[in-house]
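>>> I'll drop the sequence and a predicted model, then ask my questions.
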Amino acid sequence: MPKKGQKGYRKKNAKPRSKRQRAYQGTAKQRARRSSRNKARRKVVKSRGKSALKGKDVHHKDRNPMNNSRRNLKVSSKRKNRGNNK
């Protein structure tokens, strides 16, 4: 078992919410969506440069993180993108 401060360390008495979150984030579907969002960010960094995305998020216009076409991606502020969850 990893020690405190090492990768993979978890408290013995974790709160139920954090246990549920870990279980949800570990599902195959959620890992694929996260991977796709990271891929979209890398794609925009490659085309626009890293400095253009500093402090910003990559917004998927159709809200589908699996659709990484160039037309669907847009750079927006973190506040605006994360408040767009309808």
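Ah, there it is.

>>> Just say helix, strand or coil for the residue nearest the centre of the chain.
Residue closest to the mean C-alpha point of the chain, counted by CA atoms, centre = their mean, is R34 at 5.0 Å. Per DSSP: H, G, I helix; E, B strand; the rest coil, the secondary structure class of R34 is helix.

>>> So what's the gap between the helix or strand hosting Q21 and the chain middle?
Using DSSP states H and E, Q21 maps to helix 16-25. Computed by CA atoms, centre = their mean, to the nearest Å, the chain-centroid distance of helix 16-25 equals 16 Å.

>>> Which residues belonging to stretch 36-49 are considered buried?
Using 16 or more other CB atoms under 10 Å as the test for burial, stretch 36-49 gives S36, A40, R41, V44. C-betas here are computed from N, CA, C, even on glycine.

>>> Then stretch 71-86?
Buried, per 16+ other CB under 10 Å, within stretch 71-86: N72, L73, N81.

>>> What is the burial count for M66?
13 (other CB atoms under 10 Å).

>>> just V58 next, same as before
23.

>>> Let me see the contact set for it.
R37, A40, R41, V44, L73, K74, V75, S76, N81 (CB atoms under 8 Å, 6 or more residues apart in numbering).

>>> I'd say the second one and M66 touch.
No: here A40 does not reach M66: they are 9.5 Å apart, not a contact under CB atoms under 8 Å.

>>> still on that earlier bit, in strands, which of the buried residues of stretch 71-86 appear?
With DSSP state E as the criterion, strands contain L73 from among those.

>>> which one among the buried residues of stretch 71-86 gets closest to A52?
Of all these, A52 sits closest to L73, with 12.3 Å by CB to CB.

>>> Quick one: list the elements packing against the worst-scoring helix or strand of the chain on mean pLDDT.
Counting by mean pLDDT, DSSP states H and E, the chain has its least confident helix or strand at helix 16-25, which shows a mean of 79. Under the contact criterion of 3 or more CB pairs under 8 Å, 6 or more residues apart in numbering; DSSP states H and E, helix 16-25 touches helix 28-48.
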